[in-house]
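Participant: quick check, what structure comes out for this input:
(one chain, ligands or ions: 4)
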Amino acid sequence: MVVLRFLGILILSLTLPAISFAAGGHDGLNCTGCHDIHSAKGPIIFVVPENKKSLNPKTNQPHATTTALCLGCHETMERGGLGIKAISSHISHPYGVAPNPKVAIVPEVFLRDGKLECVGCHDPHPSNPYHRYLRVETAKGAKMAEFCALCHSAKADPRVLKEMKVFDSMDQRKVSLAPAPAAPEAAPKKKK
Ligand code: HEC
Ligand code: HEC
Ligand code: HEC
Ligand code: HEC
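Facilitator: Ligands and ions are numbered 1, 2, ... in the order given. Reported below is the predicted structural model:
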């Protein structure tokens, strides 16, 4: 198990030089870096198992699925991850929380089952062009205040309060990169 983890890190670190030239850290993962087509370890055919070691400090339970999958890589090895840009819940912005409205009013689009998870702020797919895979455009972080203001408007200069376009890779119907090929039955009938 531990050996496998080290192997994982080795493989990932070997691919890092390529990754760092890509537009974002996930582009080099090339789909199968996260989804293992036939021998997956977790839900949504994930390549790493859900991190059950890193507990939600609020509930003392493992995190919800998508967050546990992110933490399968982005947590220290002691806390069940692969040590890639580890997010430690002791020093991180809260996640896995149902927002206390005195602290944050979170638009519905950022919530999963009423909670703010990693995927509330990030959309991890390589199709996401934004800085750090954030779900809104922040001009490489220069407009971070606009992002924070989406949920913490009481803290922000009112001039930065803007409606921002939210990126969402999770509804295939919203994308029409290429016209879908006509279904066979819809194609004009050839004469018999
Ligand atoms: C960094 C890891 C990562 C990479 C790389 C990645 N995915 Fe995902 N994928 C996820 C996560 C996490 C979810 C769940 C997201 C959510 O629930 O918002 C997901 C969800 C999906 C789903 C939807 C599953 C469902 O049940 O609705 C599809 C389809 C998918 N990914 C395909 C791809 C394809 C194709 C690529 C490459 C172009 C890719 N993914 C690259 C992490 C990744
Ligand atoms: C299979 C391992 C893996 C999983 C799972 C994974 N990531 Fe990553 N992630 C990486 C790697 C590798 C990098 C690039 C690290 C580097 O550049 O040092 C990265 C980088 C990032 C970055 C920084 C991107 C940048 O442009 O600098 C963000 C943000 C991120 N991941 C968020 C997430 C979120 C959110 C999830 C879950 C939805 C997730 N990751 C799941 C491997 C993973
Ligand atoms: C409240 C929104 C929010 C939540 C929730 C959130 N992040 Fe982030 N994350 C950010 C922002 C903003 C940045 C960019 C910080 C910067 O560039 O200064 C970031 C940066 C990152 C990075 C890149 C760090 C680096 O050193 O380059 C990773 C990896 C990442 N997040 C993963 C995660 C994971 C995994 C989760 C869930 C466990 C998560 N994030 C939850 C907002 C969030
Ligand atoms: C998508 C909504 C959302 C965004 C965007 C967001 N936050 Fe939060 N923030 C929350 C939620 C939810 C909490 C937890 C509220 C609670 O305690 O229930 C929180 C809590 C906090 C806290 C209190 C942390 C603590 O430990 O008590 C700070 C500080 C904070 N956010 C700063 C920021 C900053 C800075 C940004 C921008 C970089 C940001 N937030 C972006 C939703 C968000």
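Participant: please make it C-alpha for all contacts and neighbour counts, starting now.
Facilitator: Will do.
Participant: distance check, the residue lying closest to H122 once chain neighbours are set aside against P43.
Facilitator: Taking Cα to Cα, 6 or more residues apart in numbering as the measure, H122 lies nearest to L134, with 4.3 Å between them; neighbours along the chain are not counted. To P43, L134 is 23 Å away according to Cα to Cα, to the nearest Å.
Participant: higher neighbour count, the two?
Facilitator: Comparing L134 with P43 by neighbour count (other Cα atoms under 10 Å), the higher total belongs to L134, at 22 against 14.
Participant: and the pLDDT at the more buried one?
Facilitator: Turning to L134, the model gives it a pLDDT of 97.
Participant: quick one: the helices in this protein?
Facilitator: Taking DSSP state H as the criterion, the chain carries its helices at 2-21, 65-73, 118-121, 144-149.
Participant: per-residue pLDDT, A183?
Facilitator: At A183, the predicted lDDT confidence score is 56.
Participant: check D171 too.
Facilitator: D171 carries a pLDDT value of 88.
Participant: residues contacting it?
Facilitator: The neighbours of D171, taking Cα atoms under 8 Å, 6 or more residues apart in numbering as the test, come to nothing; the list is empty.
Participant: before we move on, what about F110?
Facilitator: F110 sits next to 116, 119-121 when contact means Cα under 8 Å, 6+ apart.
Participant: 6 Å instead?
Facilitator: With contact set as Cα atoms under 6 Å, 6 or more residues apart in numbering, F110 has these partners: G120.
Participant: how about the nearest residue to the spatially most central residue of the chain, chain neighbours excluded?
Facilitator: Here the mean C-alpha position of the chain is nearest to the C-alpha of P124 (Cα atoms, centre = their mean), at a distance of 3.5 Å. Nearest-residue entry for P124: Y133, 5.7 Å, with adjacent residues in sequence omitted and distances by Cα to Cα, 6+ apart.
Participant: number of nearby residues for the one you found?
Facilitator: Around Y133 sit 21 other residues, with neighbours defined as other Cα under 10 Å.
Participant: same question, V175
Facilitator: V175: 11 surrounding residues under other Cα under 10 Å.
Participant: that one and ligand 1, how far apart?
Facilitator: 13 Å (Cα to the nearest ligand atom, to the nearest Å).
Participant: ok, now how distant is that residue from A98?
Facilitator: Taken as Cα to Cα, the spacing of V175 relative to A98 amounts to 30 Å.
Participant: up against ligand 4, what does this protein have?
Facilitator: When proximity is defined by Cα under 6 Å from any ligand atom, the chain lies next to ligand 4 at 93-94, 97-100, 103-104, 106, 110, 116, 120-121, 144, 147-148, 150-151.
Participant: which among these end up buried?
Facilitator: Buried by 16 or more other Cα atoms under 10 Å: 94, 97-99, 104, 106, 110, 116, 120-121, 147, 150-151, out of those.
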